[in-house]
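Peer 1: What follows is a predicted protein model with its sequence.
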Amino acid sequence: MNIYVLLKRTFDTEEKITLSNGKINEEGAEFIINPYDEYAVEEAIQIRDAQGGEVTVVSVGNEEAEKQLRTALAMGADKAVLINIEDDVENGDQFTTSKVLAEYLKDKEVDLIIAGNVAIDGGSGQVGPRVAELLNIPYVTTITDLNIAGTTVSVTRDVEGDSETIETTLPLLVTAQQGLNEPRYPSLPGIMKAKKKPLEELELDDLDLEEDDVEAKTKTIEIFLPPTKEAGKVLSGDISAQVGELVQLLRSEAKVI
């Protein structure tokens, strides 16, 4: 079975975001595999181990994403592909990424594509479905369980606090939701093996794409941080005094009563 995982390099979830000249400042920041993509990598490895085949991890971005791809290889993926568009695309968006990925995948023998449900930086959840549409294959989002028997696939997906089960067929694209599995940590032997696993680097020219072919369909008007939260107020005294003060504050300051 040929399994492809779509992987994105994102800020560490513990990273403090700062802005410089109206843009997110990446200097000195720590980056990781997008957490939802870790579920995708883990699921792909488990399916390959159970059914045979090969796992290829693909990322669109710049050369810095090699570190995250190597981490996926250390987890157990077989091959990695980095499509470096930094020199060709100044401002890309979800359409850009989807178009590049679909162009790479269109001639491959694909059985299953697994992506993260959303990226924690953009949070649009568009790339997976867009790739499936461009490849003209079915897709199921926010999955929490996946079972494959031959070419038949049974998928359980999260639907706003409930779940539904869908039966479909390969080839298929799914997006991984939290709860699908528990991603493994790369082991020391895995890290050593990852250094020798193939990591192919491509550019737009290698996919016969021009900059105009992947031009962003959206435009960022402004980037800004949320307003700083004001410190909370702690009430003291007996309960009756606190209630009286709370009512007064709600009336005079919060102006909600």
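Peer 2: It's in. Numbers count the residues shown, from 1 in each chain.
Peer 1: all helices for the stretch 151-257 of the chain, in order.
Peer 2: With helices called from DSSP state H, counting those that start in this stretch, the stretch 151-257 of the chain shows them at 188-194, 239-252.
Peer 1: TSV for those, including mean neighbour count?
Peer 2: For every residue, glycine as well, the C-beta is placed using N, CA and C. As requested, the helices of the stretch 151-257 of the chain are exported to TSV (neighbours: other Cβ atoms under 10 Å):
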stretch	mean neighbour count
helix 188-194	13
helix 239-252	11
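Peer 1: Serialize those to TSV and add fields for distance to Asp121.
Peer 2: TSV is the format used below for these (distance: least, Cβ to Cβ, whole Å):
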stretch	distance to Asp121
helix 188-194	24
helix 239-252	37
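Peer 1: So which of these is nearest Val89?
Peer 2: Taking Cβ to Cβ, helix 188-194 is the member of the helices of the stretch 151-257 of the chain nearest to Val89, at 27.7 Å.
Peer 1: For Leu134, which of the helices of the stretch 151-257 of the chain is the nearest?
Peer 2: Evaluated over the helices of the stretch 151-257 of the chain, closeness to Leu134 peaks at helix 188-194, with 29.9 Å, by Cβ to Cβ.
Peer 1: quick one: the strands in the stretch 151-257 of the chain?
Peer 2: 152-159, 162-169, 172-176, 199-202 (DSSP state E, counting those that start in this stretch).
Peer 1: Pick the most buried one from these.
Peer 2: Burial of the strands of the stretch 151-257 of the chain is given as mean neighbour count (mean count of other Cβ atoms under 10 Å); strand 172-176 ranks first at a mean of 26.
Peer 1: tell me the angle that strand makes with strand 152-159.
Peer 2: Relative orientation of strand 172-176 versus strand 152-159 (axes from the mean of the first three to the mean of the last three Cα atoms, to 10 degrees): 30 degrees.
Peer 1: Strand 172-176 - contacts with which helices or strands?
Peer 2: Judged by 3 or more Cβ pairs under 8 Å, 6 or more residues apart in numbering; DSSP states H and E, the packing partners of strand 172-176 are helix 35-51, strand 112-116, helix 127-135, strand 139-149.
Peer 1: how about the strands of the stretch 151-257 of the chain in a markdown table, adding mean pLDDT?
Peer 2: Converted to a markdown table, the strands of the stretch 151-257 of the chain look like this (pLDDT from 0 to 100):
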| stretch | mean pLDDT |
| --- | --- |
| strand 152-159 | 95 |
| strand 162-169 | 95 |
| strand 172-176 | 98 |
| strand 199-202 | 97 |
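Peer 1: Can you add distance to Val214 and give the ones you listed back as TSV?
Peer 2: Output for those, formatted as TSV (distance: least, Cβ to Cβ, whole Å):
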stretch	distance to Val214
strand 152-159	29
strand 162-169	29
strand 172-176	19
strand 199-202	13
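Peer 1: wait, which of those strands is closest to Gly232?
Peer 2: strand 152-159 (33.1 Å).
Peer 1: What strands line up against that closest one, and which way round?
Peer 2: Looking at strand 152-159 with DSSP bridges, its partner strands are strand 139-149 (antiparallel), strand 162-169 (antiparallel).
Peer 1: chain center to it: distance?
Peer 2: 19 Å (Cα atoms, centre = their mean, to the nearest Å).
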